[in-house]
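**Student:** What would the 3D arrangement of this be:
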Amino acid sequence: MQSTRTLKDRIFLVIKGLGMGAANKVPGVSGGVVAFVAGFYEEFIYSLQRVNKTALKLLVNGRFQSFYKYINGKFLSLLFLGMIVSYFSISKILDYFIEHFELYVWSLFFGMIIGSIYYINKDFKDWNFKSILSLIVGVSLGIAISFLDPAKENDNLFFVFFCGIISVSGMTLPGFSGSFILILLGNYILLLVDSVNALYDTISDMITGDFSFIQNEVRIRLLKVLSVFTLGSVVGLVSFSHILNYVLKHYKSITTASIIGFIVGSLGVVWPWKKTIFKTHGDGSFLLDSRGEKIITNYERFLPQLETQTYIAIVYIILGIIIVLALERYGQHTKTSI
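**Tutor:** Numbers count the residues shown, from 1 in each chain. You can find the predicted model right below:
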């Protein structure tokens with residue numbers, strides 16, 4: 001699946017990585033949807049599943065150029081470059097907008113998911129008993145997951161490794177939000193906020209020649225947690241890609257129907273009109289995380305009133321749908337070069 005990519009294609013691939021990275025950090029949104037709609041999902045899964053015994057032999061034998069070509073390295077490196085940049089920049093901007101314009105951000109995502117459902121469904125014609133049953137199961141699981149209560153934070157390294165495996169599910173399985181699963185597992189703040197901030201602070205300290213963080217037990221613990229989480233994510237990414245490559249090859253209709261179901265079920269998670277539920281002590285006071293911020297446990301959804309804010313939110317929903325349709329058109333254009 002190697003291809004000759006123009007400079008424009010490479011830039012757009014980095015931008016797609018930015019989109020996947022930002023989407024993966026938002027609870028309820030799946031980076032896999034970005035890959036699916038933008039037209040590079042199958043190449044993404046194909047490239048990841050090339051990380052196998054053959055690739056390992058090439059790497060061990062020092063045949064780095066052959067290894068890079070074998071795993072479609074140009075594609076993966078550009079995509080992951082966008083994701084990494086997104087993790088430390090775009091996602092922070094996204095955090096700001098969620099904090100200050102929460103309704104409109106969720107409305108945009110809601111519209112994008114509706115557009116994604118249309119995109120995946122429009123060319124799917126293989127509806128039969130098995131695919132319809134898979135759709136129902138996917139919808140049911142998506143809805144059930146969205147209403148589960150989160151667990152308590154747990155920094156046990158074995159559990160953190162498991163969280164890493166689960167967290168990348170949103171990159172490989174459209175509609176399945178890895179970040180929302182981390183909220184349910186109780187480790188969203190620990191793994192996607194505190195540990196990332198610890199790495200950022202550590203890099204900043206090292207640049208200025210300050211190595212006093214070595215004596216900081218909290219910082220070292222967070223860096224250890226981030227390392228194990230990253231290792232789990234890599235293992236999960238490669239493992240999921242091999243599994244998905246197999247099921248897409250042998251059970252494509254059932255898998256596609258399940259993906260559509262997951263995405264439909266995830267609409268409940270990103271429903272724009274909701275009230276945040278925070279974790280509290282027995283006396284009713286808010287329970288705070290290590291940064292002194294209130295810990296989110298879930299959302300109470302409601303129907304909106306017809307007012308100016310609601311109309312603006314609807315405009316953002318329509319904008320989200322338009323964005324996905326635009327991505328679709330670009331994806332169709334670039335498929336010819338893949």
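
**Student:** From here on, just use CA atoms for contacts and neighbour counts.
**Tutor:** OK.

**Student:** what are the ranges of the helices in the stretch 1-150 of the chain?
**Tutor:** Secondary structure of the stretch 1-150 of the chain (DSSP state H, counting those that start in this stretch): helices at 7-25, 31-37, 41-49, 53-60, 64-70, 73-85, 91-100, 102-122, 129-146.

**Student:** deepest of the ones you listed, which one?
**Tutor:** Neighbour counts averaged per stretch over the helices of the stretch 1-150 of the chain are highest for helix 31-37, at a mean of 27; criterion: mean count of other C-alpha atoms under 10 Å.

**Student:** Let's test this: mean pLDDT of that helix, rounded?
**Tutor:** In this model, helix 31-37 has a mean pLDDT of 75.

**Student:** That helix - contacts with which helices or strands?
**Tutor:** helix 7-25, helix 41-49, helix 102-122, helix 169-172, helix 308-334 (3 or more C-alpha pairs under 8 Å, 6 or more residues apart in numbering; DSSP states H and E).

**Student:** Of all those helices, which one comes closest to residue 219?
**Tutor:** Closest approach to residue 219 among the helices and strands packed on helix 31-37 (C-alpha to C-alpha): helix 7-25, 21.9 Å.

**Student:** wait, residue 233 sits on residue 169?
**Tutor:** No. With contact defined as C-alpha atoms under 8 Å, residue 233 does not count as touching residue 169 (9.0 Å).

**Student:** ok so, going back, any idea which of the helices of the stretch 1-150 of the chain scores lowest on pLDDT?
**Tutor:** helix 91-100 (a mean of 71).

**Student:** State which helix of the protein is the longest.
**Tutor:** Taking DSSP state H as the criterion, the chain has its longest helix at helix 217-250.

**Student:** What residues sit buried inside it?
**Tutor:** Residues of helix 217-250 classed as buried by neighbour count (16 or more other C-alpha atoms under 10 Å): 219-220, 222-223, 225-233, 235-242, 244-245, 248.

**Student:** separation between the residue nearest to residue 199 when sequence neighbours are not counted and residue 201?
**Tutor:** If the residues on either side of it in the chain are set aside, residue 199 comes closest to residue 223, at 6.4 Å by C-alpha to C-alpha, 6 or more residues apart in numbering. Separation of residue 223 from residue 201 (C-alpha to C-alpha, to the nearest Å): 11 Å.

**Student:** re earlier: which other helices and strands contact the longest helix of the chain?
**Tutor:** helix 41-49, helix 157-167, helix 169-172, helix 195-207.

**Student:** so who does the nearest residue to residue 41 once chain neighbours are set aside touch?
**Tutor:** Of all residues not flanking residue 41 in the chain, residue 35 sits nearest, at 4.6 Å (C-alpha to C-alpha, 6+ apart). Residue 35 makes contact with 16, 20, 41, 44, according to C-alpha atoms under 8 Å, 6 or more residues apart in numbering.

**Student:** Verify the contact between the third one and residue 32 for me.
**Tutor:** Yes. The pair residue 41 / residue 32 is scored as a contact, 7.2 Å apart, by C-alpha under 8 Å.

**Student:** on that earlier part again, quick one: closest of the helices of the stretch 1-150 of the chain to residue 324.
**Tutor:** The closest of the helices of the stretch 1-150 of the chain to residue 324 is helix 102-122. By C-alpha to C-alpha, the value is 5.6 Å.

**Student:** hang on, residue 120 packs against residue 260?
**Tutor:** Yes. In this structure, residue 120 is within contact of residue 260 by C-alpha under 8 Å, at 7.0 Å.

**Student:** Distance of residue 52 relative to residue 60?
**Tutor:** 12 Å.

**Student:** should've said residue 215
**Tutor:** 36 Å.

**Student:** what's the answer for residue 33, then?
**Tutor:** 34 Å.

**Student:** returning to that earlier point: could you redo the helices and strands packed on helix 217-250 as TSV and give each row distance to residue 107?
**Tutor:** Listed next are the helices and strands packed on helix 217-250 as TSV, based on distance: least, C-alpha to C-alpha, whole Å:
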stretch	distance to residue 107
helix 41-49	24
helix 157-167	24
helix 169-172	20
helix 195-207	27
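
**Student:** Check those helices for me: which has the lowest mean pLDDT.
**Tutor:** helix 169-172 (a mean of 71).
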